[in-house]
Structures are given as structure tokens and as C-alpha cells.
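Sequence and predicted model, in that order:
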Amino acid sequence: MIRDGETALPFDPADRIEAGLCFIGVLRSPWGPGTAPRNLRAARDTGQAARIELRPGYAAGLSGLAVGQAIQLLYWVDRGQRDLIVQTPGHADGPRGTFALRSPVRPNPIALGTVVITALDQAAGVIGIDATDAWDGTPVLDIKPWIGTVDVPPGWRPGD
């Protein structure tokens with residue numbers, strides 16, 4: 001559905017596949033269509049935790065991670081719309097380009113969330129996380145450690 005002020009691409013981005021990806025696991029959450037919080041902050045406010053279940057063969061990649069550590073989670077919003085290049089979000093004062101938004105509606109439905117590890121079972125390949133705004137069953141693309149000295153731009157301060 002296109003809202004007033006929105007612009008759809010004249011093509012389907014899925015028809016322009018130029019790379020291959022493999023899903024390393026799946027997110028397990030209490031969320032589904034119509035119930036998911038609009039972002040991670042709102043998800044944390046619910047107090048609902050989530051978990052990542054890795055596919056067989058990937059558990060060894062958890063070595064070096066620890067409970068309490070922040071990680072960046074890349075996931076594939078597989079049920080998201082892909083054709084809007086200008087959107088009119090309800091929280092904004094007018095239309096905005098997709099690349100100026102954190103919306104899951106994007107040509108490549110890749111989402112990024114920085115979450116905290118709350119439990120870790122390397123043998124089972126399961127990571128408990130503090131929250132997610134993703135629907136249950138959302139595929140996971142990658143996990144990376146969040147490192148303040150790398151991931152925060154020099155001189156940046158909250159509110160900038």
C-alpha cells in the first residue's frame with residue numbers, strides 16, 4: 001500500500017539479485033504481524049527478551065562472546081516490502097527517502113540491531129538477547145561484536 005507522498009521503484013529490487021547470502025540462524029521472539037514494537041527501544045520497554053538460534057555448524061563462531069556483551073545483529077526482514085524509495089512514516093513531518101529511515105521497508109531488507117547478550121549456550125548455538133523488534137522466525141545474516149572505540153564516530157556525543 002502506498003501512502004500519500006510515497007514513491008515506489010519502477011522495478012522489483014528482488015529481480016536484481018547480484019549476491020548470494022546464507023542465513024546463519026533464526027530469531028525467536030514474541031512478535032508477529034501487528035504485534036511487533038516499532039523499534040528496539042520500544043521492544044526493550046516491553047521487557048520481552050528474545051534469542052538467536054544458530055543453524056548447525058555455526059556454534060563454534062560464538063567462541064569469544066560473553067554474557068553482558070553488546071553485539072550487532074544483522075537480519076533479513078524477509079516479509080518486508082521492498083519497493084518504496086520514498087516513504088511517509090507516521091512519526092515524521094512528511095516524506096523521507098528510504099535511506100534516511102530505519103524502516104524495514106527497503107530495497108535490500110537488511111536490518112541492524114545492537115543488542116546485549118543475556119545468555120549464551122555455545123554447545124547448542126543459542127544466544128539470549130535483551131530484545132528485538134523482529135518477527136519470530138526472522139532469518140539472521142551475521143553477528144558482530146559491538147566495539148565502542150570502533151563503532152562510535154570520534155568526537156560524537158549523544159544528541160549530536
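Sure thing, it's come through.

Strands of the chain, start to end?
The residue ranges that make up the strands of the chain, judged by DSSP state E, are 7-8, 25-28, 50-54, 70-76, 84-87, 96-97, 110-121, 126-129, 139-145.

quick one: low-confidence parts of this structure?
Low-confidence segments of the chain, defined by pLDDT under 70, span residues 160.

Do a quick rundown of the helices in the protein.
With helices called from DSSP state H, the chain shows them at 40-46, 148-151.

can I get these in JSON lines with mean neighbour count and distance to Ile71?
In this view, the C-beta of every residue, glycine as well, is placed from N, C-alpha and C. JSON lines is the format used below for the helices of the chain (neighbours: other CB atoms under 10 Å; distance: least, CB to CB, whole Å):
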{"stretch": "helix 40-46", "mean neighbour count": "15", "distance to Ile71": "13"}
{"stretch": "helix 148-151", "mean neighbour count": "8", "distance to Ile71": "11"}
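
Out of those helices, which is closest to Val126?
Val126 lies closest, by CB to CB, to one member of the helices of the chain: helix 40-46, at 18.9 Å.

Out of the helices of the chain, flag the one nearest Leu73.
Set against Leu73 and scored by CB to CB, the helices of the chain come closest in helix 40-46, at 9.8 Å.

May I have the closest one exported as CSV, CA atoms only?
Written as CSV, here are the backbone C-alpha positions of helix 40-46 (Å, rounded to 0.1, in the frame of the first residue of the first chain):
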residue,chain,number,x,y,z
LEU,A,40,14.4,-1.7,19.6
ARG,A,41,13.9,1.0,22.2
ALA,A,42,10.2,0.1,22.3
ALA,A,43,11.0,-3.6,22.3
ARG,A,44,13.2,-3.1,25.4
ASP,A,45,10.4,-1.2,27.1
THR,A,46,8.2,-4.3,26.9
